[in-house]
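Participant: What would the 3D arrangement of this be:
(one chain, ligands or ions: 2)
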Amino acid sequence: MVYFHKRSHKRIAVAKRKARSELKPDEWDCLGYSRLLNLNPEDCLDNIERVDASTLSYEEFVERYEKPLKPVILTGLTNDWPATSKWTIPRLLKKYRNQKFKCGEDDEGYSVKLKMKYYIDYMLTTQDDSPLYIFDSGFGDRNKTNKLLDDYKVPHYFSDDLFRYASEKRRPPYRWMVIGPPRSGTAIHIDPLGTSAWNALIVGHKRWCLIHPNAPKTLVKPTREESGKHPDEAVNWFNTVYHRVIKLDWPEQFPVVHALQKPGDLMFVPSGWWHVVMNLDHTIAVTQNFCSLSNLKIVWPKTIKGRPKLSTHWLRSLRVNRPEIMPIINEINRKANWSIDDSSSDSSSSSSSSSDSSDSENEVHFPHNDVNGSISNGNSVSNGDRKRKPSMMCGIEEETSTVDCMSKRKKSPPISAS
Ligand SMILES: O=C(O)CCC(=O)C(=O)O
Ligand SMILES: [Fe+2]
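Facilitator: Ligands and ions are numbered 1, 2, ... in the order given. This next block holds a predicted model:
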């Protein structure tokens, strides 16, 4: 491969070795998918509901889609975003050429990053079967890249994100800049902690498949025989499980939603839905996960179980800043027999002044005979301790087996080894 920048070859080889240590250099393109796969957008199934956002009020969105957990594509929301003109490959290359973006994770869970100029060299030329994918949750926190935040605006449907009451430092990663070539994508997963997500596509086309939350993991994941060289990659899913999903004998109690997402389309992924995404061409997108009034009943128990320290800190802040939602939380705690000792009052009750060291004394108390008792020790499951290696934490992902942990390169905290 001849690249434009003289160091591209070396840098890309190192990133590939770190991000997929199981693949030898010649195994990246040995399946010939760049020649064999049909990525024609016209050939994609599409049965998702689409709504022009200018005709949909916040209340209608909540009643029709958010509460019933119904996937939908909202159109017209990105029209006035600066991103629609600024997020092109040439302009991102010019403005961020020497900035590093995360395009994978190594076996220890550390970020694998490439400068934009090397990644774009790679992206424009790669024949890899399942290429490296920029999936960067730190772009808004780094001095040289946080201007990207000015290029889009969180749509009003999603702006009441209750996780904002946990401090910026402690809340789980929640926004990602996503850039990739054809065949790159995200393996099948459920988003972490019961959060819902929106995904706005600025450039290119994404093919989606979403499967009802009740579908068991064994049915939606590739079997051992289907796993092949890329067991946990979107390309493999569309070559294997997808064919099962579209057959007539697929159980009708697990509805499947197919979608072709076009530039300007915003996908709403409701809490709990399985989803898998493959890029059909060069794509540039931004995605955010959130906890809203509608999914709080799902997010709160999962946060208590998966991130007990965070839940205590978050609760303290919610109590002060959103007292009206406390009855919802109290009711969940009461039914589950959880008592939460957040008695040590500190300055963390407002989202801007929280302290990171304060909640070590605070614990979520599970009853001894509760099935969840085994995870009542914050240390054993807290994936919120950012001093530990990210691989131990799995980002903001679920640690239980009932809800799936995403592919290792996604959703991990913005910790970089470099
Ligand atoms: O655009 C994609 O690759 C999908 C992203 C996704 O599912 C996620 O961020 O959870
Ligand atoms: Fe997702």
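Participant: which stretches of this protein have low pLDDT?
Facilitator: 341-418 (pLDDT under 70).
Participant: In it, where's the longest helix?
Facilitator: helix 308-321 (DSSP state H).
Participant: What are the contacting residues of whichever helix or strand comes after it?
Facilitator: Remark: after helix 308-321, the chain's next helix or strand is helix 326-336, criterion DSSP states H and E. With contact meaning CB atoms under 8 Å, 6 or more residues apart in numbering, helix 326-336 is reached by 296-297, 300-301, 315, 318-319, 338-340, 370, 372. All C-beta spots, glycine's among them, are computed from the backbone N, C-alpha and C.
Participant: Which residue is the nearest non-sequential neighbour of T75?
Facilitator: The spatially closest residue to T75, leaving aside those adjacent along the chain, is D52, at 5.3 Å (CB to CB, 6 or more residues apart in numbering).
Participant: What is the neighbour count of the one you found?
Facilitator: 10 (other CB atoms under 10 Å).
Participant: can you tell me which residues contact it?
Facilitator: D52 makes contact with 74-76 under the criterion CB under 8 Å, 6+ apart.
Participant: just the residues you listed now: which is nearest R164?
Facilitator: L74 (21.3 Å; CB to CB).
Participant: secondary structure class for the closest one?
Facilitator: At L74, secondary structure determined by DSSP: H, G, I helix; E, B strand; the rest coil is strand.
Participant: How about the residues of this protein by ligand 1?
Facilitator: By CB under 6 Å from any ligand atom, the residues of the chain that approach ligand 1 are 176, 178, 185-186, 191, 197, 199, 206, 275, 277, 285, 287.
Participant: In a markdown table, list those residues along with secondary structure.
Facilitator: Listed next are those as a markdown table, based on three-state DSSP:
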| residue | secondary structure |
| --- | --- |
| W176 | strand |
| V178 | strand |
| G185 | strand |
| T186 | strand |
| D191 | coil |
| A197 | strand |
| N199 | strand |
| K206 | strand |
| H275 | strand |
| V277 | strand |
| A285 | strand |
| T287 | strand |
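Participant: phi, psi of the nearest residue to S317 once chain neighbours are set aside?
Facilitator: Counting by CB to CB, 6+ apart, S317 lies nearest to Y165, which is 4.3 Å off, once chain neighbours are set aside. Note on Y165: backbone dihedrals following degrees, to the nearest 10 are phi -80, psi -10.
Participant: Y165 contacts L318, doesn't it?
Facilitator: Yes - with contacts counted by CB atoms under 8 Å, Y165 reaches L318, the gap being 5.4 Å.
Participant: just to revisit the earlier point, where's the residue nearest to S317 relative to V320, distance?
Facilitator: 9 Å (CB to CB, to the nearest Å).
Participant: okay, those two: which has more neighbours?
Facilitator: Y165 (24 against 13).
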